[in-house]
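[1] got a predicted model here, sequence first, then my questions.
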Amino acid sequence: MNSRAEAFRAGAWSTLAGGATAEILARSGAAWVALDAQHGSYDQGGIERTLLGLGSSPVPVFVRVADDSAAGIGRALDCGAAGVIVPLIDGPLEAAAAAQACRYPPAGNRSWGPVTALVGRTAPDARRANDAVMCAVMVETRAAIGQVREIAMTTGVDMVFVGPFDLSLALGRDVDELLADGSADSPLAMVVRVCAEAGVRAGAFAGSSARADRLAALGFTDIAVMTDASLLATAAAAEVARWSNATP
Ligand code: 3PY
Ligand code: MG
């Protein structure tokens, strides 16, 4: 993926494996979709079924992997993910390991074995796969905030992606207070600034419009503005409320 900071992209987050939720999100007009294998219900089988089932998605589909293991990163990419979002990265060494796990030698240490090739699709060219892959590393710990510049500058990192819930816990702050902190030296403003300086995208999880608005105002370029579970819960509750108030 082109790692230069570009236009704003609103992403969709899928926590509900199975069914067609990821496909609905991929066709919603969102700029990208992420399948959540850390806190969502995507296991390896769910990732594989969803990515293979989606086939030619109109937008990139990423996987938020369960952890920073090279095995999990490689398996998600083998299934056809356009990139990975790697949680709980503390510093540049972990960021470099994640970036290398995304790429075949000589750029990295990814092992060859794309599952997509096994189901009759053309196996991607290794060099092109290295250029196209998107490696996002999550900054959501106190250690990571202290080294966010080094993380953003790490070779092969395409996006720094903030997890505001974990970050607020790590910093002992309320998540909405952290998001509302517009001061120039706030942790989130600093992330946006160092990403711009490093020429990488600045992503973050919002999960709701109100939080997405705050992150957009801070200058984040890629925001997970919605999740399938919260969209369904909100819309279902609103519809039920409308019918409970309706007079026959
Ligand atoms: C966080 O906010 O910590 C996340 O990882 C979002 O899923
Ligand atoms: Mg998190």
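    Alright, I've got the coordinates. Ligands and ions are numbered 1, 2, ... in the order given.
[2] which residues touch the closest residue to ligand 2 within the chain?
    Here the chain gets closest to ligand 2 at one residue, Gly163, 3.1 Å apart by Cβ to the ion. All C-beta spots, glycine's among them, are computed from the backbone N, C-alpha and C. Contacts for Gly163 (Cβ atoms under 8 Å, 6 or more residues apart in numbering) come out as 87, 138-140, 204-205.
[3] out of those, which are close to ligand 2?
    Glu140 (Cβ under 5 Å from the ion).
[4] now go through the contacts of Gly163 and say which are in strands.
    138-139, 204-205 (DSSP state E).
[5] PyMOL command to pick out the buried ones of the residues you listed?
    This is the PyMOL syntax for the buried subset of the ones in strands among the contacts of Gly163, where burial follows 16 or more other Cβ atoms under 10 Å:
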select buried, resi 138+139+204+205
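[6] ok, back up a step: in a markdown table, list the contacts of Gly163 along with pLDDT.
    Conversion of the contacts of Gly163 to a markdown table gives the following (pLDDT from 0 to 100):
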| residue | pLDDT |
| --- | --- |
| Pro87 | 98 |
| Met138 | 98 |
| Val139 | 98 |
| Glu140 | 98 |
| Ala204 | 98 |
| Phe205 | 98 |
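[7] and which of the contacts of Gly163 is nearest Ile223?
    Of all the contacts of Gly163, Ile223 sits closest to Ala204, with 5.6 Å by Cβ to Cβ.
[8] how many residues are close by the closest residue to the closest one other than its chain neighbours?
    Distances taken as Cβ to Cβ, 6 or more residues apart in numbering place Val162 nearest to Ala204, at 4.1 Å, with adjacent residues excluded. Val162 has 29 neighbours, counted by other Cβ atoms under 10 Å.
[9] which one of the contacts of Gly163 is nearest to ligand 1?
    Phe205 (3.7 Å; Cβ to the nearest ligand atom).
[10] my guess is that closest one contacts Asp166. True?
    No - counting by Cβ atoms under 8 Å, Asp166 is not a contact partner of Phe205; they are 9.4 Å apart.
[11] distance of Leu210 relative to ligand 1?
    For the record, residue 210 is Ala, not Leu. 15 Å (Cβ to the nearest ligand atom, to the nearest Å).
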